[in-house]
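Student: Provided below are the primary sequence and the corresponding predicted coordinates.
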Amino acid sequence: MTTSTHLAPVAWAEEHLRLLDQTRLPVETVYLEVTTIEQVWEAIRSLQVRGAPAIGMAAAYGLYLGVRSSSATSYDALWTDLTNQADYLATSRPTAINLFWALDRVKARVQAEAAQPIEAIKAAVLDEAIKIQQEDEQVCRRIGEFLLTQLHDGMGILTHCNPGALATAAYGTATAPLYLAKEMGWNLKVYADETRPVLQGSRLTAYELQKAGIDVTLICDNMAAMVMAQKKVQAVIVGTDRVARNGDVANKIGTYGVAVLAKAHNIPFYVAAPFSSIDFNTPTGAEIPIEERPAEEITHGLGKQVAPDGIKVYNPAFDITPADLITAIVTETGVYKPEEIQLLNK
Ligand code: MRU
């Protein structure tokens, strides 16, 4: 893709992993040279790399960085090291299923290569990480093409958080149709929720869409109802960190509220979800683990103290949008009603 490759959040650079430090955007463009699995864990935990698909990609490369320095001389010893390292990376964040999906996929590749020499198995781990990243670009493009079938030129689109190029290999998930529409010469008018408390909407979505020349307007989260009432928005498109079997969806905190508002205003609400974000083992949204993040994101979130010392804080990073508020879940294979998700389990 040409539109946003310069924003590649995750890249393998010969001997190290290169991560675009998303905590510094939009003011500074800083790339991190990551050489250890511990650095990958920390980058995921601290949101330097974030967004479900990008977390999965980073974790796959992280597993390679870990296994690369393993001194194991037998397959069994290497497998023990690999599974310990995968378990460690799995503790970095709990909600995005893509993290666990990517780690499982690399482990499955290693099992398939069990008869190979140790160095060849290590090379296969890197190869699998690269494949995950390359496939993600195709997946996002397909999601974008399917979402475009639901849209038309001139629409207003509201999105929340950053389900964008910065969260994927390219295009983003929910933003993919916006990039494709731009390529086709459509004029979509995008409204980006700023996304409290850590502002992925204003720091990342507004930044990447503006950079790509897409018509984007930043609003505070509490303006979404007004914008809908004023008929500026004809569709909502969001990403997801995990889709449960019944079509309930976990996404950035505030998504549920946007879905309620969309329903109240009779506006279709779409969820862009790569297959790697569907968790057929989780029956409903109630079983999806919701990450709670540090209080400082709220009390000091805008760079200065904005709450009294010692205040009690509740800071869930994600919420659950129930299936009945969702018009369709769009994957790389098609557009599905939430109740159809369970039928996709092969
Ligand atoms: O806490 P974050 O920034 O990792 O949350 C990201 C989101 O909620 C995204 O909407 C989701 O991961 C989909 S990214 C294509």
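Tutor: Received the coordinates, thanks. Numbering: from 1, shown residues only.
Student: state the distance from the nearest residue to Asn281 once chain neighbours are set aside to the ligand.
Tutor: Closest residue to Asn281 apart from its sequence neighbours, by C-beta to C-beta, 6 or more residues apart in numbering: Arg245 at 7.7 Å. C-betas here are computed from N, CA, C, even on glycine. Remark: distance between Arg245 and the ligand (C-beta to the nearest ligand atom, to the nearest Å) = 19 Å.
Student: how many neighbouring residues does Phe269 have?
Tutor: Neighbour count for Phe269, taken as other C-beta atoms under 10 Å: 22.
Student: now what about the one helix or strand Tyr256 maps to, what contacts it?
Tutor: In the assignment (DSSP states H and E), Tyr256 maps to helix 255-264. Here helix 255-264 makes contact (C-beta atoms under 8 Å, 6 or more residues apart in numbering) with 158, 160-161, 193, 221, 224-225, 228, 236, 238, 249, 267-269, 318-322, 325-326.
Student: contact partners of the helix or strand that that helix is followed by?
Tutor: Later in the chain than helix 255-264, the nearest helix or strand by DSSP H and E is strand 269-272. Contacts with strand 269-272, where a contact means C-beta under 8 Å, 6+ apart, come from 143, 147, 150, 163, 172-174, 176, 235-240, 243, 249, 251, 258-259, 262-263, 321, 325-330.
Student: one more pass at 6 Å, please.
Tutor: Contact partners of strand 269-272, identified using C-beta atoms under 6 Å, 6 or more residues apart in numbering, comprise 143, 173-174, 236-240, 249, 259, 262, 326-330.
Student: am I right that Val243 is in a helix?
Tutor: No - inclusion of Val243 in a helix is not indicated when DSSP: H, G, I helix; E, B strand; the rest coil is applied; the result is strand.
Student: pLDDT score for the residue nearest to it when sequence neighbours are not counted?
Tutor: Counting by C-beta to C-beta, 6+ apart, Ile278 is the residue found nearest to Val243 once chain neighbours are left out, at 4.6 Å. For Ile278, the pLDDT comes out at 98.
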